[in-house]
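Student: any chance you can model this:
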Amino acid sequence: MDHTAVTCLVVIILEAITGFLMNGFIVLVIFCNWLKGEITASVNKILVALSISNMCFAAVSLTCILISVFWPPIHHYGNVVLFWMIMFWLTSCSWLTACLSSFYFIKIVNFSSGFLSWVKVRIDSAAHWLILVSEVVSLCCMFIGFIAVAFYVVQTQGIFTNSSIILSTNRTKAIYAILSLFQRVFVILLLFNLVPFLIMTITTFCTVGFLRMHIYRIQRSIGSSSNLESHHGVVTTMTKLLLFYLFFYVAVFAYPYIYAELPYYSYYIYQILSPAFPLIQFALLIRANPRLKEAWHQIFLYLKRHSEKVIF
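Tutor: The predicted structure is shown next:
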């Protein structure tokens, strides 16, 4: 590997490990609060499931990279299982994020009557069902994707053998292999990830529209309130998550088809993008939860005080 590839590999490893630990922090904080006897809020159940999916996505992505670099002979067969698992955890993250956006939408928007009003009353008790449905749909995507990838690998014996596809110096060959894989599973990935993205889009725009009108009415009558400020923070997070997923989907799905027109270093940027997914999502999720933000602030202060003691 050249120096650029080595740098890329180091960055990917740091991204994956940091993303894994940071999402583990969310799970740990909520779990510790549960051990203290606190009732776990429904939104925190979704956050735990989403954080676990992010942790698994980071771990599988890092495993795929390391195998492709250090054990290329087994990457031919390991690629089937790893790509299959990456599809599952990516789809799981998409659906759980859609559940999170839907949950915020139902809790923030006021419904006078109808089906959504009925859902609003029961949304807290249905959180675990939302998680279960998300995982079942992701599991279906995993099995369908596994069949598609398996047929491709069987038909193209040797394309991954004895070479590191992820950080190969033969960029054209590596991109060709990735492009061929995407041609087999693009429709499946698009189908199973487009639906949650549309849910995120609709719920986010509806929540933003409702909150803007509500803020306008409140300001004309009694001024601002702390409840509106908390809702504004949640809606800001929903919007950032939507834009993040839009950028990620466009980058992941479009790059293999336009790589020829881009400079050579864009290939390494593309490889760095995927392991950064859990880390960026952690940063967006923690901003919308005051408890998590406070716990993170306390850890930061503790580390700061500890480092000062060590220095002095």
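Student: could I get the pLDDT score of residue 148?
Tutor: If you check residue 148, the pLDDT there is 67.
Student: and for residue 142?
Tutor: 76.
Student: now swap in residue 275 and tell me
Tutor: 82.
Student: next, the buried residues of the helix or strand containing it.
Tutor: Element membership of residue 275, judged by DSSP states H and E, is helix 266-287. Across helix 266-287, burial judged by 16 or more other Cβ atoms under 10 Å covers 267-268, 270-271, 273-282, 284-287. Where you see a C-beta, it was placed from the backbone N, CA and C, and this is true even at glycine.
Student: past that helix, which element shows up next along the chain?
Tutor: According to DSSP H and E, the helix or strand after helix 266-287 is helix 290-311.
Student: list the buried residues for that next one?
Tutor: Here helix 290-311 shows 292, 295, 296 as buried, counting by 16+ other Cβ under 10 Å.
Student: just the angle for it relative to helix 266-287, thanks.
Tutor: 110 degrees (axes from the mean of the first three to the mean of the last three Cα atoms, to 10 degrees).
Student: one step back: helices or strands up against the helix holding residue 275?
Tutor: In terms of contacts (3 or more Cβ pairs under 8 Å, 6 or more residues apart in numbering; DSSP states H and E), helix 266-287 is packed against helix 3-35, helix 42-70, helix 72-108, helix 171-221, helix 226-258, helix 290-311.
Student: on the pLDDT front, check residue 286 for me.
Tutor: 86.
Student: angle of the helix holding residue 275 against helix 3-35?
Tutor: Going by the same axes, to 10 degrees, helix 266-287 is angled at 20 degrees with respect to helix 3-35.
Student: now do helix 266-287: distance to the chain's middle.
Tutor: 8 Å (Cα atoms, centre = their mean, to the nearest Å).
Student: just the CA trace of it, in CSV.
Tutor: Presented in CSV, the C-alpha positions along helix 266-287 are these (Å, rounded to 0.1, in the frame of the first residue of the first chain):
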residue,chain,number,x,y,z
SER,A,266,-12.1,10.8,-4.2
TYR,A,267,-11.8,7.0,-3.9
TYR,A,268,-10.2,7.3,-0.5
ILE,A,269,-12.8,9.9,0.6
TYR,A,270,-15.5,7.4,-0.5
GLN,A,271,-13.9,4.6,1.7
ILE,A,272,-13.7,6.9,4.7
LEU,A,273,-17.4,7.9,4.4
SER,A,274,-18.9,4.6,5.4
PRO,A,275,-17.1,4.1,8.8
ALA,A,276,-17.9,7.8,9.7
PHE,A,277,-21.6,7.0,9.5
PRO,A,278,-22.0,5.9,13.2
LEU,A,279,-19.8,8.7,14.6
ILE,A,280,-21.7,11.5,12.8
GLN,A,281,-25.1,10.0,13.8
PHE,A,282,-24.0,9.9,17.4
ALA,A,283,-23.1,13.6,17.3
LEU,A,284,-26.5,14.4,15.9
LEU,A,285,-28.5,12.2,18.3
ILE,A,286,-26.8,13.4,21.5
ARG,A,287,-27.8,17.0,20.8
